[in-house]
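Peer 1: Sequence first, predicted model second:
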Amino acid sequence: MLAGNPNVGKSTVFNELTGMHQHTGNWIGKTVESTKSRFYYKYNDYDIVDLPGTYSLNSSSKEEEIARDFLNNSNPDCTVCVIDGAVLERSLILVFQLMKLTDKLVVVLNLCDEAKKKGIFIDEDKLSMMLGVPVVKTTARSGRGINRLLEQIHLVSTNAVAPKPKIILEKGDRGYSKAKEISSAVVSRSGSFSLGLADRLLLGRFTSFVALIIVFGAVLYLTIIASNYPSMLLKSFFDFLEIKIANLLEVWGAADWAVNLFVYGMLRVLFFVVSVMLPPMAIFFPLFSILEDFGLFSRIAFNLDYPFQKCSSCGKQALCCCMGLGCNAVGVTGARIIDSPRERLIAIITNSLTPCNGRFPLLIAIITIFFAKNSLLSAGMLLLMLGLSFFMTMLSSRILGKTVLKGMPSSFVMEMPPLRKPQFIKTTLNSLREKVLFVLMRAVCIAAPAGVVIWILANIKIADISILTHMANALDPVGRIMGLDGVILLAFILGFPANEIVLPIALMVYLSSSSLSDYSSLESLGSVLIANGWTAKTALCTCVFSLFHFPCGTTLLTIYKETKSKKWTILSVLLPLLLGFSLCAVINKL
């Protein structure tokens, strides 16, 4: 069993022991669930569980509760406690608590390379003697010390060595004085430590927000300019594959309706989602993970704690917003890092106000056609859209905090992890495997049945008009109030399974096509939209409603699983929907 404080490299130690490649991140609360795997050493199989980071066994947050319950209810052959060598005194509190639960304990003194940079040196032999348990120094990112850790786990688990006499704390003693005594005895320091230039910029009162805007603007710009060409290649490949599959089914004697339903209904939607979604995800998520590994997100939470506190929340909600940029469902589960149940609910309910990766294709296309003709200007306007999203998230948080979720903001205590040189190759590969493929497979599972439903609605006609067109006509009066039309409003509704298919559905209805329609270029898409009455105001309202509308199906299911409440799930739908409707109606009246 693997325990330890947040952000001490527990998941990295876990990866080195098991080769599982669990995603690691340089910010507090990265692991919010226990993860189980297995490794083999000296003819023995070992099951290992990576618990969420916790400062103590007195749970005050969801991840601490998970760790506490597992530790109290299990009887592991060996418990490994990973601690940060740079903050030994604080880390020893959890060690003392674990020593009361088990005799089979190994302490891992991790992040020794960073402690050395700060002029901190620890005598691990003396520490082991004073604690009465084995102590192993490691630098898990480079694998240093892992072999010695494996040997100690083996010796303790197999009872090959007798336990040493442990220190005994008096009943009621929380161990703070003992931790200070031990730390003073084993730690030596040389020189002084000061903030580096990067930290002074990222944490500076005036420079922090400018630096963050530049960083996120650069990520969006790179995502936009680098994703177009691979998207075109994928589309060409899928167009070719579509024809081959249709021809093969015809050779096999499949009925025309079956070919159309399978190829031009299900597969076409499926292929479109992959070709549009995969390239930007394959760029955005790795860049995002590299920034995470660098330690940017903890600084974002620190910088934004004050404004979020004014909105009845805390800075950790900013981390959920960052995760929501990739996928809102991930942002919702990430809210487990927030200690206060009230603030956790606020973060969950408002997370869909952050545009996820699936909304970027529509936003980029509309911005480029109607407002900005080059990638740099498009990235700038997209950044403004994200700024609007962030502002409305804070405003909505304040409204919730003053109405249905009243209460005082909780105290915000967060350890600031050091900036670290990202592991570019490992982080990129892990991001592609765990984030990109996970989100893509989720979208694929939803897009396939959605394609079947959309094809049926487009091909069943009543009075020579498809059901799809009838639905669009019925929604047109509501759409006009919002500065839209019934077609684009219907597209958002049918895009409930996946945001990526909103624009193709609208194009399909505009062209009266019997299958999902794609655009060969932004110019051709713009021609179709303008021919159907689109203006700059229509485009702006569409972008705003894309920012603020009901969560996608996966996010909604995740919200219900996290809250276990129909009430909060329904509110998570109504809040962005009413916000988007109101903003669009106001813009339309201007």
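Peer 2: Cool, the structure landed. Numbers count the residues shown, from 1 in each chain.
Peer 1: Quick check: what element follows the lengthiest helix in the chain along the chain?
Peer 2: Determined from DSSP state H, the single longest helix within the chain is helix 207-251. Downstream of helix 207-251, the first helix or strand assigned by DSSP states H and E is helix 256-259.
Peer 1: hang on, the earlier thing: could you give me the average pLDDT of the longest helix of the chain?
Peer 2: For helix 207-251, mean pLDDT is 85.
Peer 1: Now the element after the worst-scoring helix or strand of the chain on mean pLDDT, going C-ward?
Peer 2: The helix or strand of the chain with the lowest confidence, counting by mean pLDDT, DSSP states H and E, is helix 62-73 at a mean of 71. Next in sequence after helix 62-73, counting helices and strands by DSSP H and E, comes strand 79-84.
Peer 1: Note down every partner strand of that following strand and its orientation.
Peer 2: strand 2-4 (parallel), strand 105-110 (parallel) (DSSP bridges).
Peer 1: got the contact list for Tyr46?
Peer 2: For Tyr46, the contacting residues are 38-40, 153, 157, by C-beta atoms under 8 Å, 6 or more residues apart in numbering. (Each C-beta comes from the backbone N, C-alpha and C, glycine too.)
Peer 1: Excluding chain neighbours, give the residue nearest to Phe262 in space.
Peer 2: Closest residue to Phe262 apart from its sequence neighbours, by C-beta to C-beta, 6 or more residues apart in numbering: Leu249 at 7.0 Å.
Peer 1: Secondary structure class of Arg141, three-state.
Peer 2: Under DSSP: H, G, I helix; E, B strand; the rest coil, Arg141 falls in the coil class.
Peer 1: That one contacts Lys421, doesn't it?
Peer 2: No: using C-beta atoms under 8 Å, Arg141 makes no contact with Lys421, being 9.3 Å away.
Peer 1: now the farthest one out in this structure, which residue is it?
Peer 2: Going by C-alpha atoms, centre = their mean, the residue of the chain most distant from its centre is Ala463, 46.9 Å out.
Peer 1: Now for that one: which residues touch it?
Peer 2: Here Ala463 is in contact with no residue (C-beta under 8 Å, 6+ apart).
Peer 1: So for it, what pLDDT did the model give?
Peer 2: pLDDT recorded at Ala463 is 86.
Peer 1: when you give positions from now on, start the count at 543
Peer 2: With the count now opening at 543, the last piece we talked about shows up as Ala1005.
Peer 1: Got phi/psi on it?
Peer 2: Phi and psi for Ala1005, reported as degrees, to the nearest 10, are phi 60, psi 50.
Peer 1: Tell me which of Arg683 and Lys963 has more neighbours.
Peer 2: Arg683 (21 against 9; other C-beta atoms under 10 Å).
Peer 1: who's in contact with the more buried one?
Peer 2: Applying C-beta under 8 Å, 6+ apart, we find Arg683 in contact with 551, 554, 655, 962, 965.
Peer 1: Repeat that for Gly759.
Peer 2: Gly759 is in contact with 921-922, 925, counting by C-beta under 8 Å, 6+ apart.
Peer 1: try Trp1110
Peer 2: 887, 890-891, 1101.
Peer 1: Which members of those are the farthest-apart pair?
Peer 2: By the measure C-beta to C-beta, Leu887 and Ile1101 form the most distant pair in those, at 10.0 Å.
Peer 1: Share the number of residues neighbouring Phe779, please.
Peer 2: Phe779: 12 neighbours (other C-beta under 10 Å).
Peer 1: Please report the distance of it from Met808.
Peer 2: 18 Å (C-beta to C-beta, to the nearest Å).
Peer 1: At which residues are the helices of the stretch 893-1042 of the chain located?
Peer 2: Taking DSSP state H, counting those that start in this stretch as the criterion, the stretch 893-1042 of the chain carries its helices at 902-912, 917-944, 966-973, 979-1001, 1009-1023, 1028-1036.
Peer 1: try the stretch 593-742 of the chain
Peer 2: Per DSSP H, counting those that start in this stretch, the stretch 593-742 of the chain carries helices over the ranges 604-615, 630-643, 654-659, 666-673, 688-699, 718-728, 739-745.
Peer 1: CA-only coordinates of the shortest one in PDB, if you can.
Peer 2: Once side chains and other backbone atoms are set aside, the C-alpha atoms of helix 654-659 remain, and they are given as PDB (Å, rounded to 0.1, in the frame of the first residue of the first chain):
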ATOM      1  CA  CYS A 654      15.800  14.300  -2.800                       C
ATOM      2  CA  ASP A 655      17.100  16.100  -5.900                       C
ATOM      3  CA  GLU A 656      14.900  19.100  -5.200                       C
ATOM      4  CA  ALA A 657      15.800  19.100  -1.600                       C
ATOM      5  CA  LYS A 658      19.500  19.200  -2.600                       C
ATOM      6  CA  LYS A 659      18.800  22.200  -4.800                       C
END
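Peer 1: what mean pLDDT does it have?
Peer 2: Model confidence over helix 654-659 averages 78 on the pLDDT scale.
Peer 1: Mind listing what's buried along that helix?
Peer 2: Under the neighbour-count criterion of 16 or more other C-beta atoms under 10 Å, helix 654-659 has 654, 656-657 buried.
Peer 1: need the contact list for Leu647.
Peer 2: 620-623, 637, 640-641, 675-676, 698.
Peer 1: Mind doing that once more with 6 Å?
Peer 2: Residues in contact with Leu647 (C-beta atoms under 6 Å, 6 or more residues apart in numbering) are 621, 640, 675.
Peer 1: what about burial for those, which qualify?
Peer 2: Listed as buried from these are 621, 640, 675; burial here means 16+ other C-beta under 10 Å.
Peer 1: May I see the residues you listed organised as JSON lines, with pLDDT and distance to Ala860 added?
Peer 2: Output for those, formatted as JSON lines (pLDDT from 0 to 100; distance: C-beta to C-beta, whole Å):
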{"residue": "Thr621", "pLDDT": "91", "distance to Ala860": "33"}
{"residue": "Leu640", "pLDDT": "88", "distance to Ala860": "32"}
{"residue": "Val675", "pLDDT": "90", "distance to Ala860": "38"}
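Peer 1: Closest to Leu1036 out of those?
Peer 2: When those are ranked by distance to Leu1036 (C-beta to C-beta), Thr621 comes first, at 51.5 Å.
Peer 1: Surely the closest one is in contact with Met543?
Peer 2: Yes: in this structure, Thr621 is within contact of Met543 by C-beta atoms under 6 Å, at 4.9 Å.
Peer 1: so after the helix or strand containing Pro821, what's the next helix or strand?
Peer 2: Using DSSP H and E, Pro821 sits within helix 810-836. Moving toward the C-terminus from helix 810-836, the next helix or strand (DSSP H and E) is helix 838-852.
Peer 1: Show me which residues of that following helix are buried.
Peer 2: Residues of helix 838-852 classed as buried: 838-847, 850-851 (neighbour count, 16+ other C-beta under 10 Å).
Peer 1: tell me the angle that helix makes with helix 810-836.
Peer 2: Note on geometry: by axes from the mean of the first three to the mean of the last three C-alpha atoms, to 10 degrees, helix 838-852 and helix 810-836 are set 90 degrees apart in direction.
Peer 1: Tell me the helices and strands packed up against helix 838-852.
Peer 2: For helix 838-852, the elements it packs on are helix 858-868, judged by 3 or more C-beta pairs under 6 Å, 6 or more residues apart in numbering; DSSP states H and E.
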